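Give me a 3D structure for the following:
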Amino acid sequence: MGENLARQEAAEFAALEKTIEQWWSTPRFKHTKRPFSAKQVASLRGTIQDVPASSYTAKKLYSLLRTSFEKGEYAHTFGALDPVQVVQMAKYLSCVYVSGWQCSSTASTSNEPGPDFADYPANTVPNKVEQLFRAQLFHDRRQREERSRMTIEERAKTPAIDFLRPIIADGDTGFGGVTSVMKLVKMHVLAGAAGIHIEDQGVGVKKCGHMGGKVLIPVREHVDRMAAARLQCDIMNVETVLIARTDACSATFLTTNIDPRDHPFILGSTVDIGPCEGSSLGEAEWTSKAKLKTFGEAVAEALKAAGKSQDVIKQWLKESLRLSNTQARAKAASLGVKIFWDWDAPRAREGYYRVQGSTEYSIMRAIAFSVISDVIWMETATPDIHEADEFARGVHAVVPHQMLAYNLSPSFNWSAVKGMDDNAIRQFQKELGKRGFTWHFITLAGFHSNALMIDQFAKAYAGPDGVLSYVTMIQREEKRLQVETLTHQKWSGAEMMDNAMMIATGGGASTASLKGATEDQFKHSKM
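Numbering: from 1, shown residues only. The predicted structure is shown next:
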């Protein structure tokens, strides 16, 4: 009997392995290269396999982004602050963003606000995702109940709203090692996230992409993070869209030089004045005297001094970007160059290596991350179409299928960007779409719009008009623009719950909430 059960178990396991392999062979995963097998994934699945609700929106999101990419178009959104925003956005935008910055400042599960250092509890963003996803599910139900009471003619005149817009959530650095990333991804998937982005900054020293002092982790380590995220999704049988973000364009430090792919971008001192740490010179003065350069730049300078041709120097700079430091030193020696260059002397007090951020560095990392990621996001300091074009061309020269993302950051002073008038700003997203940037987002538009409106209304309300400011600035505008929150009881689902109460009591309930409700005043209002 025991042997028969064992054979049955083996057959079930083999069948599960085959099912996973078939799933991976679908067009959805055409460009995904996993460093693990279907057999290994099968071994990590439990007896009961639930399908998370976010599986529905994850499939919708991938289809939306891939279709947009193939057409040279884009999907765009902004960071939603609360259930009101996420529901009202649904009428106009195809997806939703949940920002870690926004959550850190307004929704930490510790209730302690702060800057975007990813030092809030790891369940903070998943908690916000769940709040928004539950709001989406509720209003989807509310709409269905309302439409069930409409006539065919009424339904034809009243287009349905797709409230189940895919949510893309901020996973910061993954909050730890491989298993921490897996746990975070699981929380996000169960909470309702259709997509998750994870960045290549170091845990514990993460900063908002528009702050200074950013510390990168080695390429290999971030590939491991993204592989861990994909593994967790595979275990859960979901097609969650994974977005790899790189801060290599403006980062200044690297945790370790263990990965040779990072070597060409590490800075070293070209003048022997001893280590920076412990020097009597201030850091700025030491850095100036040490004349920091990448090894490639230092050799190029030596080649120029030796009278070598521009072609030789250009070829060297191109080749050096693909060499480890050991290989680069050997190549430089073959060109007759031997220089002083020390990457240990400039190390920070925490032991970090200094790096020179650049678009080239971002391209290298994007290509490395593409094997396991669906979308790549390069964080930038300004909205620069030339920089975006360079990045896209560099990535697509190696991985032409790679979808890209772009942060239309509120940290940019858009009105002060050189060469960008209002028309250029208007056309900016269209130009990005042509270059394969298929997902755009304003991280904190929900935050800023909320602050702007509340500041204006609070100021007016505190003035001599008092409640009249509410009537003119909000209520009349809600009516004029047909914003559903005008009748907030109905918006909140009171009609649906009244109907549920009547159904549960066989039609005998006498305490329906909207019978005689104040909102009846709006039915015949001439406002």
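
I'd like to know how many residues surround residue 214.
A count of nearby residues for residue 214, using other Cβ atoms under 10 Å, gives 25. All C-beta atoms are positioned from the backbone trio N, CA, C, and that covers glycine.

OK, contacts around it?
201, 206-207, 247, 250-253 (Cβ atoms under 8 Å, 6 or more residues apart in numbering).

Give me the subset of these that lies in strands.
Mapping those onto strands (DSSP state E) picks out residue 253.

Looking at the contacts of residue 214, which has the smallest pLDDT value?
The lowest pLDDT within the contacts of residue 214 belongs to residue 207, with 74.

one step back: looking at the contacts of residue 214, which is nearest residue 115?
Proximity of those to residue 115 (Cβ to Cβ) peaks at residue 207, which lies at 8.3 Å.

Looks like that closest one contacts residue 201 (just checking).
Yes - taking contacts as Cβ atoms under 8 Å, residue 207 lies within contact range of residue 201: 7.0 Å.

ok, those two, which is more surrounded?
For the pair residue 207 and residue 201, the greater number of neighbours falls to residue 201 (27 against 18), based on other Cβ under 10 Å.

Backbone dihedrals for residue 170, please?
phi -80, psi 120 (degrees, to the nearest 10).

give me the number of residues near it?
By the measure other Cβ under 10 Å, the count of residues near residue 170 is 28.

Can you tell me the closest non-neighbouring residue to it?
Sequence neighbours aside, residue 100 is the residue nearest to residue 170 in space, at 3.5 Å (criterion: Cβ to Cβ, 6 or more residues apart in numbering).

still on that earlier bit, TSV for the contacts of residue 214, including distance to residue 521?
Putting the contacts of residue 214 into TSV (distance: Cβ to Cβ, whole Å) gives the following:
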residue	distance to residue 521
201	53
206	51
207	51
247	53
250	55
251	58
252	60
253	61
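
between the contacts of residue 214, which is nearest residue 415?
Of the contacts of residue 214, the one sitting nearest to residue 415 (Cβ to Cβ) turns out to be residue 250, at 21.4 Å.

Near the closest one, how many other residues are there?
Residue 250: 18 neighbours (other Cβ under 10 Å).

what about the helices in the stretch 301-450 of the chain?
For the stretch 301-450 of the chain, the helices defined by DSSP state H, counting those that start in this stretch occupy 310-320, 325-334, 359-369, 385-396, 422-434, 445-462.

Residue 347 contacts residue 292, doesn't it?
No - the pair residue 347 and residue 292 does not pass the contact test of Cβ under 8 Å, sitting 11.5 Å apart.

shared neighbours, the two?
Common neighbours of residue 347 and residue 292 (criterion: Cβ under 8 Å, 6+ apart): residue 354.

So those two - more neighbours on which side?
Higher neighbour count among residue 347 and residue 292: residue 292, with 23 against 18, using other Cβ under 10 Å.

Remind me which helix or strand the residue nearest to that one when sequence neighbours are not counted belongs to.
In this structure, residue 292 finds its nearest non-sequential neighbour in residue 267, 4.4 Å apart by Cβ to Cβ, 6+ apart. Using DSSP states H and E, residue 267 sits within strand 267-269.

Give the buried residues for that strand.
Within strand 267-269, the residues scored as buried using 16 or more other Cβ atoms under 10 Å are 267-269.

now stretch 207-221
For stretch 207-221, the neighbour count (16+ other Cβ under 10 Å) marks 207-210, 214-219, 221 as buried.

among the residues you listed, which are in strands?
Using DSSP E, the buried residues of stretch 207-221 in strands are 215-216.

Reformat the buried residues of stretch 207-221 as JSON lines; add distance to residue 312.
Formatted as JSON lines, the buried residues of stretch 207-221 follow (distance: Cβ to Cβ, whole Å):
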{"residue": "207", "distance to residue 312": "40"}
{"residue": "208", "distance to residue 312": "42"}
{"residue": "209", "distance to residue 312": "37"}
{"residue": "210", "distance to residue 312": "39"}
{"residue": "214", "distance to residue 312": "34"}
{"residue": "215", "distance to residue 312": "35"}
{"residue": "216", "distance to residue 312": "31"}
{"residue": "217", "distance to residue 312": "35"}
{"residue": "218", "distance to residue 312": "31"}
{"residue": "219", "distance to residue 312": "29"}
{"residue": "221", "distance to residue 312": "35"}
